[in-house]
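# Build the 3D model from these lines:
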Amino acid sequence: MARALFIVSVAIVLGVLIGRTAHGQDIVCGPRDDVLSALLNRYGEVPVARGLDVRGIVIEVTASRDGNWTLIFSGPTGVSCIMNSGDAFHLLPATRKGSF
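Next up, the predicted model:
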């Protein structure tokens, strides 16, 4: 509950756009640096994974030592949107040397 309130407050403070996912969750968007700073300051989350999709959108996962995580999509214009978040994050061990 506190996490949901924080995400909504970030939207208000940053003056960002609020939309809805297909599942009715808030989508919060703002400048990437502001979104990452807010996640670091509030939850201790830092980027732990990053990839680029075919549309040029950067997909990032941030996570904390406590297991909080957030999924962020960042467009070429520098606007990032929080798409989802949760807890119990952990990295999986590599299945063999040199693989993911």
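
# The residue lying closest to S64 once chain neighbours are set aside: neighbour count?
Closest residue to S64 apart from its sequence neighbours, by CB to CB, 6 or more residues apart in numbering: G44 at 4.1 Å. Placement of C-beta: from N, CA and C, glycine included. Residues near G44, counting by other CB atoms under 10 Å, number 13.

# repeat for S74
S74 is flanked by 21 other residues according to other CB under 10 Å.

# same thing with L92?
If you count neighbours by other CB under 10 Å, L92 ends up with 6.

# And S85, by the same measure?
Other residues close to S85 by other CB under 10 Å number 21.

# what ranges do the helices span in the protein?
For the chain, the helices defined by DSSP state H occupy 2-14, 32-43.

# For the shortest one, name the packing helices and strands.
With contacts defined as 3 or more CB pairs under 8 Å, 6 or more residues apart in numbering; DSSP states H and E, the packing partners of helix 32-43 are helix 2-14, strand 58-63, strand 69-74, strand 79-86.

# how about it: buried residues?
32, 35-36, 38-39, 42-43 (16 or more other CB atoms under 10 Å).

# Just the CA coordinates for that helix, please, in CSV.
The C-alpha atoms that make up helix 32-43 are tabulated as CSV, following Å, rounded to 0.1, in the frame of the first residue of the first chain:
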residue,chain,number,x,y,z
ARG,A,32,14.3,9.2,-16.4
ASP,A,33,16.8,10.8,-13.9
ASP,A,34,13.9,11.9,-11.7
VAL,A,35,12.3,8.5,-11.7
LEU,A,36,15.5,6.7,-10.9
SER,A,37,16.4,9.2,-8.2
ALA,A,38,13.0,8.8,-6.6
LEU,A,39,13.3,5.0,-6.6
LEU,A,40,16.8,5.2,-5.1
ASN,A,41,15.9,7.6,-2.4
ARG,A,42,12.7,5.9,-1.4
TYR,A,43,13.4,2.2,-1.8
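
# Right, I'll leave it there.
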